[in-house]
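> Starting from these lines, generate the structure:
(2 chains)
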Number of protein chains: 2
Amino acid sequence: MTKKSFPLSEVYRLLEPGPVVLVTTSHRGKANIMTMSWQTMMEFVPPLVGCVISGNNYSFDALRKTKECVLNIPAVDLAKHVVGIGNCSGDKVDKFKKFNLTALPSSQVAAPLIAECYANLECRVVDTRMVNKYNFFVLEVVKAWIDPTMKNPRTLHHQGKGVFMVAGDTIKLPSRMA
Amino acid sequence: MTKKSFPLSEVYRLLEPGPVVLVTTSHRGKANIMTMSWQTMMEFVPPLVGCVISGNNYSFDALRKTKECVLNIPAVDLAKHVVGIGNCSGDKVDKFKKFNLTALPSSQVAAPLIAECYANLECRVVDTRMVNKYNFFVLEVVKAWIDPTMKNPRTLHHQGKGVFMVAGDTIKLPSRMA
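Presented below is the predicted three-dimensional model:
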C-alpha cells in the first residue's frame, strides 16, 4: 500500500469525529503501540491535538522522553487488533510482532507508521504543562499520510467496556462551520 | 420527556466516541447555545472534559465569566438544528426561540438543559490555565441526565465542512479497557 501525503490543514477532518487511534512511540530502539480514545483537536493550522495518555501506559514514558509519536487511525477491519493492543503492555510484548502489523519509517519522527492504518499523523509534543496534573499532552501534527484508496473508512468509536460504534453513513448539510 | 439521572462514572461512555455537542451557557439572564466538536474526556471520576471554545464564539465570554455550561448531546434528528446553531451567533439571535428548542432548568448550574437532546451534562470550569493560549477549558461534569427511552441514539460526528458521520451499529469485543 502506498500512502499519500495529506494536507495538514485538513487533519482536523480525520480526528474531529472521535475515532479510536493507535499511538506509536519509539524509545531506545524499541517501538510500541497503544490504543487511545481521549484526544481532541485544539487548532487547525498548525494542527494541534490534545490527548490524555495515562501514566499507567508503557507509552507514557516513551512519549515524555522522546516527545514524538504517531497517531495511526485504524478502520473496522482492525477492530480485534485495537482491542488486543489495549489489552496488553509493551513492557512485556513486541506489539508489532504479536499483532502482525507492519512498521514503516516516518519522515519526521522516530516513531513508526502502522502500514495497516488508513491514516497516520506524525506528531511532536509541544506543550507539557498539563502532563503532571492530567497526563495531558499537546501534540503538533508535523506530517500526515493517507491511503488514497480508502474512500469511506469505517472508523471505530469507543463507548467503553469493549463496545465500539462503527462509523455509519455520512450526511451533508449547508454549514458555514469549518 | 422525563430525564433520568445518569451515573457520573459512566459519563465517559457518552463523550468518548466523539459526538457533536450543543453547549449551553447563561449569562446576565440570557441563555445561548453553540455547536462544538473539539472536546475530550480527561478523567473518569470525577468526570473531567477538556474542550476548545474559540474566542470568536459568543459563548466564550459567558463561559469564562460564569464558569458554568451544559454539554447537551443531540441525536441525528437534530442534525439541522446542530448546523443552524453553528451558523449563527447568540450575539444576534435567541437560539432557543429561533430553533424552537426547550430550555429546562439544570440542577447545579445556571445554564439550561436542552430538552430535545438525549443526554445533558451539567459542568463547571475547573481549570483555565490553557484558555489564554489555546481557548482550552477543563470542565468537571457535576450532574448528568439521560433520556431512558433512547436505547441506541444515532449521534453526529463532524468531519468538517458540513459533513457529518451518523453513528452506525455497535460491536462488542472482549476488552479489558475501561
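
> So which residue is smack in the middle of chain A?
A:L71 (2.3 Å; C-alpha atoms, centre = their mean).

> how much space between that residue and chain B?
The gap separating A:L71 from chain B is 13 Å, by C-beta to the nearest C-beta, to the nearest Å. Just so you know, the C-beta spots here come from the backbone N, C-alpha and C atoms, and that holds for glycine as well.

> do the same with A:V126
With C-beta to the nearest C-beta as the criterion, A:V126 and chain B are 11 Å apart.

> Surely that residue is within a helix?
No: assigned with DSSP: H, G, I helix; E, B strand; the rest coil, A:V126 falls outside any helix and is strand.

> State the pLDDT value of it.
The model reports A:V126 with a pLDDT of 98.

> thought it was touching A:V141?
No: between A:V126 and A:V141 there is no contact under C-beta atoms under 8 Å: 10.2 Å.

> Pull up the overlap in contacts between the two.
Counting by C-beta atoms under 8 Å, 6 or more residues apart in numbering or on different chains, the shared contacts of A:V126 and A:V141 are A:L48.

> Of those two, which one has the most company?
Neighbours were counted for A:V126 and for A:V141 using other C-beta atoms under 10 Å in any protein chain shown; A:V141 has more, 25 against 14.

> and the more buried one, bridged to which residues?
Beta-bridge pairing of A:V141 under DSSP bridges involves A:C123.

> show me the residues around the residue nearest to the centre of chain A that make contact.
A:L15, A:V21, A:L22, A:V23, A:M36, A:Q39, A:V49, A:N120, A:L121, A:C123, A:L139, A:V141.

> Next one: the last one from chain B, what distance?
For A:V141, the distance to chain B equals 14 Å [C-beta to the nearest C-beta].

> Report the contact partners of that residue.
A:L8, A:V11, A:P46, A:P47, A:L48, A:V49, A:L71, A:L121, A:E122, A:C123.

> how does it look with 7 Å?
Listed by C-beta atoms under 7 Å, 6 or more residues apart in numbering or on different chains, the contact partners of A:V141 are A:L8, A:V11, A:P47, A:V49, A:L121, A:E122, A:C123.

> just checking, A:A62 touches A:N32?
Yes: judged on C-beta atoms under 7 Å, A:A62 makes contact with A:N32 at a distance of 6.2 Å.

> anything in contact with each of the two?
Joint contacts of A:A62 and A:N32 (C-beta under 7 Å, 6+ apart) are A:T25.

> Check what pLDDT the nearest residue to A:F60 once chain neighbours are set aside gets.
Counting by C-beta to C-beta, 6 or more residues apart in numbering or on different chains, A:F60 lies nearest to A:I53, which is 5.3 Å off, once chain neighbours are set aside. A:I53 carries a pLDDT value of 96.

> same thing with A:S175?
83.

> swap in A:D91?
Reported pLDDT for A:D91: 87.

> Pull the number of nearby residues for it.
For A:D91, the neighbour count with other C-beta under 10 Å is 9.

> And for the one 3 residues further on?
When neighbours are counted by other C-beta under 10 Å, A:D94 registers 12.

> re earlier: surely the residue nearest to the centre of chain A is within a helix?
No: A:L71: not assigned to a helix; according to three-state DSSP it is strand.

> Who does it form a beta bridge with?
Beta-bridge partners, per DSSP bridges, of A:L71: A:V23, A:L121.

> That one and B:T66: what is the separation?
A:L71 sits 34 Å away from B:T66, taking C-beta to C-beta, to the nearest Å as the criterion.

> Count the neighbours of A:K95 for me.
By other C-beta under 10 Å, the residues close to A:K95 number 23.

> The residue nearest to A:F60: what's it in contact with?
A:I53 sits in contact with A:M36, A:S59, A:F60, A:L63, A:N135, A:F137, where contact means C-beta under 7 Å, 6+ apart.

> Of those residues, which is the nearest to B:H158?
Using C-beta to C-beta, A:M36 is the member of the contacts of A:I53 that lies nearest B:H158, at 19.5 Å.

> for that closest one, which residues make a bridge with it?
Applying DSSP bridges, one finds that A:M36 bridges with A:V21.

> how about the contacts of A:L71 in a markdown table, adding pLDDT?
Converted to a markdown table, these look like this (pLDDT from 0 to 100):
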| residue | pLDDT |
| --- | --- |
| A:L15 | 98 |
| A:V21 | 98 |
| A:L22 | 98 |
| A:V23 | 98 |
| A:M36 | 97 |
| A:Q39 | 98 |
| A:V49 | 98 |
| A:N120 | 98 |
| A:L121 | 98 |
| A:C123 | 98 |
| A:L139 | 98 |
| A:V141 | 98 |
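
> Switch those residues over to JSON lines; also include distance to A:T149.
What follows is the contacts of A:L71, written out as JSON lines (distance: C-beta to C-beta, whole Å):
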{"residue": "A:L15", "distance to A:T149": "21"}
{"residue": "A:V21", "distance to A:T149": "20"}
{"residue": "A:L22", "distance to A:T149": "19"}
{"residue": "A:V23", "distance to A:T149": "24"}
{"residue": "A:M36", "distance to A:T149": "25"}
{"residue": "A:Q39", "distance to A:T149": "25"}
{"residue": "A:V49", "distance to A:T149": "25"}
{"residue": "A:N120", "distance to A:T149": "15"}
{"residue": "A:L121", "distance to A:T149": "18"}
{"residue": "A:C123", "distance to A:T149": "24"}
{"residue": "A:L139", "distance to A:T149": "27"}
{"residue": "A:V141", "distance to A:T149": "22"}
